[in-house]
Each structure stands twice: as structure tokens, then as C-alpha cells.
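> need coordinates for the following:
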Amino acid sequence: MTPRDIVCLRKRLGFNQPRLARFIEINQVTICRWETGHSKPAGLSLVVLRALHEAVSTDAGLRRILKFRDLAELIEAAGLL
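Alright, predicted model coming up:
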């Protein structure tokens, strides 16, 4: 994902950097570094961002995602844990 993709995803969710960081359970500085191009998401973070990007591509998907406080709650509701 490009820095612009991450900013667009965050804005689509209606989150600021700290809120997105809390939602996906990473450090806010990491979000800032991704958005400015100083680093790139990799591994599980990249998987999560891509999944969120896909999920919020529709209004219905966005509403479903916004029902959850954080990624852990979403994963638990999906029965993945």
C-alpha cells in the first residue's frame, strides 16, 4: 500500500492517526511513518491494512467495520480466534 492509500483508508474510516493506531493495535508513530513514506507496512500489518481497505470499499462494509472498537474485537466476532 502506498502512503496515499493509507491516508485514504484512515480518512474513509473517519479516524485520525492515533485512532487508527489503536484500532489496529500498533504505535501511532508507525502510522505517521507509513503515511509519510518513511517506512512501509509489512507482514501482518500489511495484511490487515489490505483487508480493511477491501472491507471499507462499500458503504455497507464501512458500517460493519465501524461497529467494532478495535481489530481484536472484529477478529473475535468473525470467529477467527
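> in what helix or strand does Thr30 lie?
Using DSSP states H and E, Thr30 maps to helix 28-36.
> quickly find the element holding the residue nearest to Leu9 when sequence neighbours are not counted.
Once flanking residues are discounted, Leu9 sits nearest to His53: 5.2 Å by C-beta to C-beta, 6 or more residues apart in numbering. Where you see a C-beta, it was placed from the backbone N, CA and C, and this is true even at glycine. Assigned by DSSP H and E, His53 belongs to helix 43-55.
> report the buried residues of that helix.
Neighbour counts over helix 43-55 (16 or more other C-beta atoms under 10 Å) mark 45, 48-49, 52, 55 as buried.
> returning to that earlier point: contact partners of the helix holding Thr30?
Residues outside helix 28-36 that contact it (C-beta atoms under 8 Å, 6 or more residues apart in numbering): 1, 3, 6-7, 10, 17-18, 20-21, 38-41, 45.
> tell me how far the nearest residue to Glu54 once chain neighbours are set aside lies from His53.
Leaving aside its chain neighbours, Glu54 sits nearest to Gly61 (7.8 Å; criterion: C-beta to C-beta, 6+ apart). Gly61 sits 10 Å away from His53, going by C-beta to C-beta, to the nearest Å.
> buried residues of the helix holding Thr30, list them for me.
Those would be 30-31, 34-35, for helix 28-36 by 16+ other C-beta under 10 Å.
> need the max-distance pair from the residues you listed.
Pairwise distances across the buried residues of helix 28-36 (C-beta to C-beta) peak at 9.7 Å, for the pair Thr30 and Glu35.
> the helix holding His53 - contacts with which helices or strands?
Where contact means 3 or more C-beta pairs under 8 Å, 6 or more residues apart in numbering; DSSP states H and E, helix 43-55 is packed against helix 3-13, helix 17-24, helix 59-65.
> many thanks, I have nothing further to ask.
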